[in-house]
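Chemist: Okay, sequence plus prediction incoming.
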Amino acid sequence: MSSMLALLRKEFKGQWRTHRLLIVAAVFFVFGLGTPLLLKYLHALVPSEGFTGVLPQFTAADSAKGYVDTLGQVGLIAAILVAMGSVAAERESGTAAMILAKPAGSGRFIIAKLAALAVTFGLGIAIGAVGCYAYTVVLFGSPGGFNFLVANLIGWLYLLFCLSVTVMYSCFFKSQLAAGGLALVTLVAIAGTAGLPVLRDYSPGALMALSQTWSSGGDAIAWGPLAVAIALIPATIFIGWQVFRRKEL
């Protein structure tokens, strides 16, 4: 337990010293504030000639849904960029060998990294959500506090799944680009299965559509994608651990 706490402290300090926490929080905060502002003043930004009646009058639900949609797209890229070097960079620099020379354990080493990333993105999403909700209430009215909370929690679960896949590939290679590229291809392919019959009822890629449903006022629960994503998160970390522990550091 003491080694796990030490690894967690190391990871959280690393997130702070490398400014990853600040960068992730800033990205989500900017998009959180920017989405309702853009929708509110889009009519003023678009020339009126030829666009009369094309742009609808946006509502609080549109603002919440727009933010969640951005969360899935920008968050996916952010998750890959931040996590692709989580293990690979430390193998390349030799830091991993130094840490694992102590009684830490490769499994705890990887779990600590995912835990720190999960907290970093959780805080980032929370900051962005607060900014979006506050500006949406001011500009459009309330989008529904409980629904918006659930939508963000589902979005966080999806990004946690993206992080776990990226960390898994980071265990495979010393190259951050290889890890990030494979993670991107895999996650885009999984997102594509959300539109296929049968698979869409179980694909983690359907989580963002579920999040958008909640942000728009719906209350449906798609247990299949939720269950599969929750099961795949530890599965990907287990696979990454099994590969990593056989690698030469």
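Modeler: Sure, I can see it. Residues are numbered from 1 along each chain as shown.
Chemist: ok, and the closest non-adjacent residue to the residue most central in space within the chain?
Modeler: Centroid-nearest residue in the chain, with Cα atoms, centre = their mean: L159, separated by 2.5 Å. Nearest in space to L159, with sequence neighbours left out and distances taken as Cβ to Cβ, 6 or more residues apart in numbering, is G75 at 4.8 Å. C-beta here means a position set from N, CA and C on the backbone, and glycine is covered the same way.
Chemist: I'd guessed the one you found sits against N152; true?
Modeler: No - contact between G75 and N152 fails when scored by Cβ atoms under 8 Å: they sit 10.7 Å apart.
Chemist: Which residues does stretch 169-180 contact?
Modeler: 80-81, 83-89, 91-92, 110, 166, 182-183, 186, 240-241, 243-244, 247 (Cβ atoms under 8 Å, 6 or more residues apart in numbering).
Chemist: correction: stretch 132-145
Modeler: With contact meaning Cβ under 8 Å, 6+ apart, stretch 132-145 is reached by 31-33, 35-37, 39-40, 58-64, 67, 148, 215, 217.
Chemist: Which members of those are classed as buried?
Modeler: 31-33, 35-36, 39-40, 58, 60-64, 67, 148, 215 (16 or more other Cβ atoms under 10 Å).
Chemist: Okay, and which of the residues you listed map to helices?
Modeler: Among these, the residues falling in helices (DSSP state H) are 31-33, 35-36, 39-40, 60-64, 67, 148, 215.
Chemist: hang on, the earlier thing: which ones among the contacts of stretch 169-180 map onto strands?
Modeler: If you go by DSSP state E, the contacts of stretch 169-180 have nothing in strands.
Chemist: Of those residues, just the buried ones, PyMOL syntax please.
Modeler: Those of the contacts of stretch 169-180 that count as buried under 16+ other Cβ under 10 Å are selected in PyMOL with:
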select buried, resi 80+81+83+84+85+86+87+88+89+91+110+166+182+183+186+240+241+244
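Chemist: All set now, cheers.
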